[in-house]
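sequence plus the predicted model coming up.
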Amino acid sequence: MPHFTVVPVEDSATSNYDSLEGINWVDYRDTGQGGHPGHLDTEDSPFLSSADAERKTDFYDRNLALFEEELDIRPKVSSLLSRLVNYTNITQGAREHEEAENTETSRRKAPKSPNMGTLMGVYLPCLQNIFGVILFLRLTWIVGTAGIVQSFLIVLMCCSCTMLTAISMSAIATNGVVPAGGAYFMISRSLGAEFGGAVGICFYLGTTFAAAMYILGAIEIFLKYLVPQAAIFHASDHHGGDSAILNNMRVYGTICLSLMAVVVFVGVKYVNKLASLFLACVIISIVSIYAGAIKSVFQPPDFSICMLGNRTLVRDQFDVCSKTVLLGNVTVPSQLWRNFCSSGNMSSPQCDDYFNQNNVTEIQGIPGLASGIIRDNMWGDYLEKGQILEKAGLPSVDIHRTVESVGLYVSADIATSFTLLVGIFFPSATGIMAGSNRSGDLKDAQKSIPIGTILAITTTTLVYFSSVVLFGACIEGAVLRDKFGDAVSKNLVVGTLSWPSPWVIVIGSFFSTVGAGLQSLTGAPRLLQAIAKDNIIPFLRVFGHGKANGEPTWALLLTGLIAELGILIASLDMVAPILSMFFLMCYLFVNLACAVQTLLRTPNWRPRFKYYHWALSFLGMSMCLALMFISSWYYAIVAMCIAGMIYKYIEYQGAEKEWGDGIRGLSLSAARYSLLRLEHGPPHTKNWRPQVLVLLKLDEDLHVKYPRLLTFVSQLKAGKGLTIVGSVIQGQFLDSYGETQASEQAVKNMMEIERVKGFCQVVVASKVREGIAHLIQSCGLGGMKHNTVVMGWPYGWRQSEDPRAWKTFINTVRCTTAAHLALMVPKNVSFYPSNHERFTDGTIDVWWIVHDGGMLMLLPFLLKQHKVWRKCKMRIFTVAQMDDNSIQMKKDLATFLYQLRIEAEVEVVEMHDSDISAYTYERTLMMEQRSQMLRQMRLSSAERERESNVRRMHTAVKLNEVIVNKSHDARLVLLNMPGPPRNTDGDENYMEFLEVLTEGLERVLLVRGGGREVITIYS
């Protein structure tokens, strides 16, 4: 932390440096302590010197006279620093809700300064969130099914994934303050609103399904081990057992969820006060497992299991593990015998064949740490649904027929595989976000979050590894594979190892799962509320509201309904992979966020946690993706589809947010890279497409005068390539900045209406023609510059007394020619179709008089890609002179079009060398009379110029006759635009020629090539 020393300056009248060019030295003193006591009430700025009473009345003081205009809009450094120092990150857990539920006075209390350390603020909450129902209910079963080696691999994969995610999360969490929302806030501010919203919803759904999983775990403990008599539904036979169990879970799960929701609704403070109790239950339960494992070295607990041959029997179905029992001196059938035999008479029994041919043996269920059972449990034994649990090594006579008395054996309730076990175990590695979610409660979040989270993951990983070894080294394999403890008299399997009593684990795990469920039901609605308040997903807006104290009532209701869906699934083993998917999606994007920020090296990326690297983040991201598809490929696809749909919804419907996110930075880097690549040279002819600069005219109210220009461009471009819309405001930039901003906004609004994707640029210039020249020269960047200019026709130029309009037009034509740019001038643009119209028939006629690089061929093809013009046919007309072979011309043109892959009708029009008509002379005379009037009768042109004008007018008249004759019904006529005269004296004549050429045509597009080929016959 850098240290600053502030030295007060003496206000000495004799100081030679008291004033330097009228600017006094700054006296940076605390106004509450320095200065004269008599003037404390008037001193309100540390920049005011207290030496001179007169100076105190001046608010800004001569010390800041140079900046007095700036101080109206920009804060002084002292004010800024005082605000930053006094900033308090209000807690976003339940503490503020707790205070809000108390009296009005407590609401007015200043928020307490955060004072939690690493242990209480991060380490213990993470432990509580990570340790959960899977450790107590499923880890023994995973070890028995997968074996110690593969269980080690499962734990290693899951914990490595969360450790790498924690490293990435620590980097993001220490790169500034993380308010409410935790993971959602980090991802949305790092990757943007779209990714943040998608991942935030995934994290919310994961937390909600976690609540359902914890509740199902609590109900399983309650119905299986605490109060089995409470079951409402009972199986009529063995096959109905599964459905009865699931129905019981649904009924009790719904009741439990309702009670928990009421507790959360009534007051979160009760959940917070019980949190330490629930954590104590977890720690005591884990300690009792270690104590039991150590005790088993000397005195293994007495839990014997009964085997028939090598098959495991359900222990609570009989009392003695024997076929017969001795009553007095008489041997009588045992209860086990009566279960397998239909007749109790030992002399003529009708028994199960397997029972008759195999012996009953009793083996120790918990042989203990010193027994060497670890060798048998090293490798896995995956089972199919309904397969009976067997112990290898015991003598058995197989009976090759349908197994009878299935209900008396311990069997697998689901088919198992390595991938299934990964999906079931992963939730026991989640919960690493607990520290970052509480960053507001921490004294030093940037120190506590990395240390606490990584220590918590290390601790839990060591506990899981040691538990895998202890379970495999202490417990018989058949008991480990017995999910519900049927072989050990319906005892919780992990409870049989614990010391001093199995009840320690049963009660401890019950309370810890209930506590974890309450924590999830508390956290999920707040996460949804944080997303709703950001207003990035419009339909979630209602969930941002709640009670007066901020409690998210509506969000809690939705959370309860979604959690009920998990309860209705009713199987812990089916719910666990669902929430695994959502958490893995979230962790994947945490890693992606860190990797993107690290690779982009954005200036704001300055995490205090230094032990991160983009390669670690990518490895974590890859592991998350791999685990998603390993555990359940179809759930993974569903989770990705949900995230993808939310992403696209936010992209199209959500509010635009500028959060300085990494994706925007990534876009900038990609754009910079692409622009530098484009600098190497002009694009190949095959890649040429019109990159358009549209010159728009605005009226006095800053409205676009001819919006159909934009409509035409949108139809031409179909969203591809570069479009820049430019306009010029006449005036001085210093006086017209506000007008420029308003104009830009008006143009952008019109672009949005006309669905033109592109950029807008408005320039201020003293003359419009200069502004247009600036736009033509400077628009675009690097290789992304315009190659085509579109501008409107100057309507009413004949009637206008001011010649500047048409002179600006001709000047722009000259500028585009000088810049080697193509030019398009849509004439009668108000008659052009809107985007909602459809031409069901008609033609687009191209009059190809001079070769312009292929522009006239390419433009109709591009227009026909748009739905407005799609059904129009294309016709190409070319003009043959007297000495041309028109038949051969037609064949050549048809061949050329075939090679260009353009479908069009071809027609060659012959123009005979006819005499100049009287009409031509009349039009020429009218044109010259107008020119003379404009030049105030200073015409002194030679006879040769008169002949030139007559010849040009003759061409225009004859061409117009032919075009009108052939194309009067065409939907659009494309025509070569002749170049402007070299001598500016003939500008008026040039405008007249263009008018005559296009007379009588409804829609005309004048096209002038840019001097390069834009279409090719080659592939």
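Sure thing, it's come through.

counting by contacts, list what the helix or strand harbouring Q446 packs against.
Assigned by DSSP states H and E, Q446 falls within helix 445-474. With contacts taken as 3 or more Cβ pairs under 8 Å, 6 or more residues apart in numbering; DSSP states H and E, helix 445-474 sits against helix 118, helix 124-130, helix 133-137, helix 139-173, helix 268-298, helix 434-437, helix 493-497. Placement of C-beta: from N, CA and C, glycine included.

R677: which of those is closest?
helix 139-173 (30.5 Å; Cβ to Cβ).

that closest one vs helix 445-474, what angle?
Relative orientation of helix 139-173 versus helix 445-474 (axes from the mean of the first three to the mean of the last three Cα atoms, to 10 degrees): 160 degrees.

pLDDT at the residue sitting nearest the centre point of the chain, what is it?
Nearest to the geometric centre of the chain sits F195, at 0.9 Å (Cα atoms, centre = their mean). With respect to pLDDT, F195 scores 80.

following whichever helix or strand it is part of, which helix or strand comes up?
Using DSSP H and E, F195 sits in helix 193-221. With elements assigned by DSSP H and E, the helix or strand that comes after helix 193-221 is helix 241-266.

other SSEs contacting that following helix?
If you count contacts as 3+ Cβ pairs under 8 Å, 6+ apart, helix 241-266 packs onto helix 193-221, helix 268-298, helix 502-534, helix 553-569.

give me whichever of those helices is most buried.
helix 193-221 (a mean of 28; mean count of other Cβ atoms under 10 Å).

that one vs helix 553-569, what angle?
Interaxial angle, helix 193-221 versus helix 553-569 (the same axes, to 10 degrees): 50 degrees.

packing partners of helix 193-221?
helix 133-137, helix 183-191, helix 241-266, helix 502-534, helix 553-569, helix 572-600, helix 633-653.

about what we covered before: buried sites along the helix holding Q446?
By neighbour count with 16 or more other Cβ atoms under 10 Å, helix 445-474 contains the buried residues 445-457, 460-461, 463-464, 467-474.

kindly report the same for stretch 247-258.
By neighbour count with 16+ other Cβ under 10 Å, stretch 247-258 contains the buried residues N248, M249, R250, V251, Y252, G253, T254, C256, L257.

okay, those residues in TSV with distance to A478 next?
Converted to TSV, the buried residues of stretch 247-258 look like this (distance: Cβ to Cβ, whole Å):
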residue	distance to A478
N248	26
M249	25
R250	30
V251	32
Y252	29
G253	30
T254	35
C256	32
L257	35
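
who are the contact partners of the closest residue to M640 other than its chain neighbours?
Nearest non-adjacent residue to M640, counting by Cβ to Cβ, 6 or more residues apart in numbering: M585, 7.4 Å away. Listed by Cβ atoms under 8 Å, 6 or more residues apart in numbering, the contact set of M585 reads V199, C202, F203, G206, C624, M628, A639, M640, A643.

and the pLDDT for M585?
The model's pLDDT for M585 equals 90.

could you check how far it is from F131?
The gap separating M585 from F131 is 23 Å, by Cβ to Cβ, to the nearest Å.

same thing with L528?
Distance from L528 to F131, by Cβ to Cβ: 25 Å.

pLDDT weak spots in the stretch 901-1019 of the chain?
Applying pLDDT under 70 to the stretch 901-1019 of the chain picks out residues 911-949, 951, 985-986, 1012, 1014, 1016-1019.

can you map out the strands along it?
For the stretch 901-1019 of the chain, the strands defined by DSSP state E, counting those that start in this stretch cover 905-910, 972-976, 1004-1008.

what's in contact with the first one?
Just to be clear, that refers to strand 905-910. So strand 905-910 is contacted by 873-880, 882, 886-887, 889-890, 893-894, 897, 962, 966 (Cβ under 8 Å, 6+ apart).

what about those residues, which are in helices?
S886, I887, M889, K890, L893, A894, L897, V962, K966 (DSSP state H).

the fourth one: what's it in contact with?
The one in question is K890. Contacts of K890 (Cβ under 8 Å, 6+ apart): V906, E907, V908.

any quick ChimeraX command for the buried ones out of those residues?
In ChimeraX syntax, the buried subset of the contacts of K890 is picked out as below (16+ other Cβ under 10 Å):
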select :906,908
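
show me where the stretch 701-850 of the chain has helices.
Ranges of helices in the stretch 701-850 of the chain, per DSSP state H, counting those that start in this stretch, are 708-717, 737-753, 768-778, 804-818.

please apply the same query to the stretch 301-450 of the chain.
335-340, 353-357, 418-425, 434-437, 445-474.

out of the ones you listed, nearest to I289?
Here helix 445-474 is closest among those (Cβ to Cβ), at 6.9 Å.

just to revisit the earlier point, so which of the helices of the stretch 701-850 of the chain is the most surrounded?
Among those, helix 708-717 has the highest mean neighbour count (mean count of other Cβ under 10 Å), at a mean of 23.

hang on, the earlier thing: N591: which of the buried residues of stretch 247-258 is nearest?
Nearest to N591 among these, with distances taken as Cβ to Cβ, is L257, at 32.6 Å.

quick one: contacts of stretch 450-470?
Here stretch 450-470 has contacts from 118-119, 121-123, 126-127, 130-131, 135, 139, 143, 148, 151-152, 155, 159, 162-163, 166-167, 169-170, 173-174, 286, 289-290, 293, 369, 374, 428-429, 432, 435-436, 497, 609, 611, using Cβ under 8 Å, 6+ apart.

for G517, which non-adjacent residue is spatially closest?
Y214 (3.6 Å).

ok, that neighbour to V829 distance?
On the measure of Cβ to Cβ, Y214 and V829 end up 66 Å apart.

same deal with F877?
Taken as Cβ to Cβ, the span from F877 to V829 is 23 Å.

and the residue lying farthest from the centre of the chain, backbone torsions?
Distance from the centre of the chain peaks at N329, with 79.4 Å (Cα atoms, centre = their mean). With angles defined as degrees, to the nearest 10, N329 sits at phi -110, psi 10.
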